[in-house]
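K.L.:
my questions are about this predicted structure, shown below with the sequence.
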Amino acid sequence: GLEGEIEFGGSAASGVERRSEGMGESDDAITTLEHIVDVPGYFWNERVEDIAVVTWELTILETCMSHDYLDTIADKVCPPDQESHQSTHNSSLELDEMKLLASEVMAESSRGISPLVSQSWNVLIVDNLTSRCCAPLSAVKGVAATYRMTNRPPPTHASPFVSTILRPLQEFDATYASRTPPQIGDGWKGRVIESVSEKYAVAVEELIATVKRTEEALKSRKTRRMMAGGMSDGEKVKLQLFLDHREFESHVVEGLGVDAAGVGGL
């Protein structure tokens, strides 16, 4: 269950079929139930929202096991009131040993929680949000088509798709910032931004290389066109990419509160 390998929900058909074996006339009723009960199956580690909720609950459980539950167990095993204390017939040393044993048992039982929480945030959530944030990057290649032989004026603002790149991360962070386990910190956000920035940089580099090849081809044929403002199509594309990058960086700093200087790819 903790590893996310147990499927919740799922169609009740298989279970109903097993129940219907040998039931004779009741088969029709069971078949009807099959059509009514059909809940899509899911694993808790498939959605970042579920992962965040489960890991927060696990963090609370770990805290309870190492503090609150331990005190409760100690009070039951070693009652604090004088009357109960005398009836246990245990020395102070024996009572201390009992508390220590209870502490070790609880620590052993909860030792797998912290690594699981860390992996869930730093791997599962990071990978999922990185994938979501990278989806709009397919629009980078469309920047060239916007200015190629269209006689458009030079750009003055960022492309519309830029504001959507980090939106999944911003929305997730706004919802679960108060339920992020203390030991996780903000490092996970930096990893998402860095991965997205690196993929963004690759897309921009590929586009610039394509623009350069196109300009060279047009120049060699003496058909290079100079548009309004004395800028070539390629120069307009580069200016647009610059504006887009500046807008993207502002979302990192202002929208997510992350220092851009410490993020690779920016």
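P.N.:
That came through fine. Numbers count the residues shown, from 1 in each chain.
K.L.:
which residue packs closest to D259, ignoring adjacent ones?
P.N.:
Spatial nearest neighbour of D259, excluding adjacent residues (Cβ to Cβ, 6 or more residues apart in numbering): V253 at 7.3 Å. Any C-beta I mention is one placed from the backbone N, CA and C, and that applies to glycine too.
K.L.:
how many neighbours does the one you found have?
P.N.:
Neighbour count of V253, defined by other Cβ atoms under 10 Å: 14.
K.L.:
my read is that it contacts A261, right?
P.N.:
No. In this structure V253 lies outside contact range of A261 using Cβ atoms under 8 Å: 9.5 Å.
K.L.:
now do the helices in the stretch 51-200 of the chain.
P.N.:
Per DSSP state H, counting those that start in this stretch, the stretch 51-200 of the chain carries helices over the ranges 69-77, 82-87, 92-110, 113-119, 126-134, 142-147, 162-165, 167-176, 187-220.
K.L.:
dump those helices into TSV; add mean pLDDT, mean neighbour count and distance to P155 as well.
P.N.:
Converted to TSV, these look like this (pLDDT from 0 to 100; neighbours: other Cβ atoms under 10 Å; distance: least, Cβ to Cβ, whole Å):
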stretch	mean pLDDT	mean neighbour count	distance to P155
helix 69-77	72	14	60
helix 82-87	59	10	79
helix 92-110	76	13	55
helix 113-119	90	16	43
helix 126-134	95	19	23
helix 142-147	90	17	8
helix 162-165	96	20	12
helix 167-176	94	17	21
helix 187-220	89	17	14
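K.L.:
how much space between L166 and S103?
P.N.:
Distance, L166 to S103, by Cβ to Cβ, to the nearest Å: 44 Å.
K.L.:
cool, L243 as well?
P.N.:
Counting by Cβ to Cβ - L243 and S103 are separated by 59 Å.
K.L.:
do the same with D186
P.N.:
32 Å.
K.L.:
same deal with Q170?
P.N.:
42 Å.
K.L.:
likewise for R213?
P.N.:
From R213 to S103 the distance is 68 Å (Cβ to Cβ).
K.L.:
same check, this time on C64
P.N.:
For C64 relative to S103 (Cβ to Cβ), the value is 14 Å.
K.L.:
how about S118?
P.N.:
23 Å.
K.L.:
could you do V126 as well?
P.N.:
Taking Cβ to Cβ, one finds V126 at 34 Å from S103.
K.L.:
which ones are touching P155?
P.N.:
Applying Cβ atoms under 8 Å, 6 or more residues apart in numbering, we find P155 in contact with 147, 236, 239-240, 243.
K.L.:
next, R152: phi, psi?
P.N.:
The phi/psi pair for R152 (degrees, to the nearest 10) reads phi -70, psi 150.
K.L.:
now swap in M149 and tell me
P.N.:
phi 50, psi 40.
K.L.:
where does E235 land on pLDDT?
P.N.:
Looking at E235, its pLDDT is 89.
K.L.:
distance check, the spatially closest residue to it that is not a sequence neighbour against K236.
P.N.:
Distance criterion Cβ to Cβ, 6+ apart; nearest residue to E235, sequence neighbours excluded, is P154 at 7.9 Å. Taking Cβ to Cβ as the measure, P154 falls 5 Å from K236.
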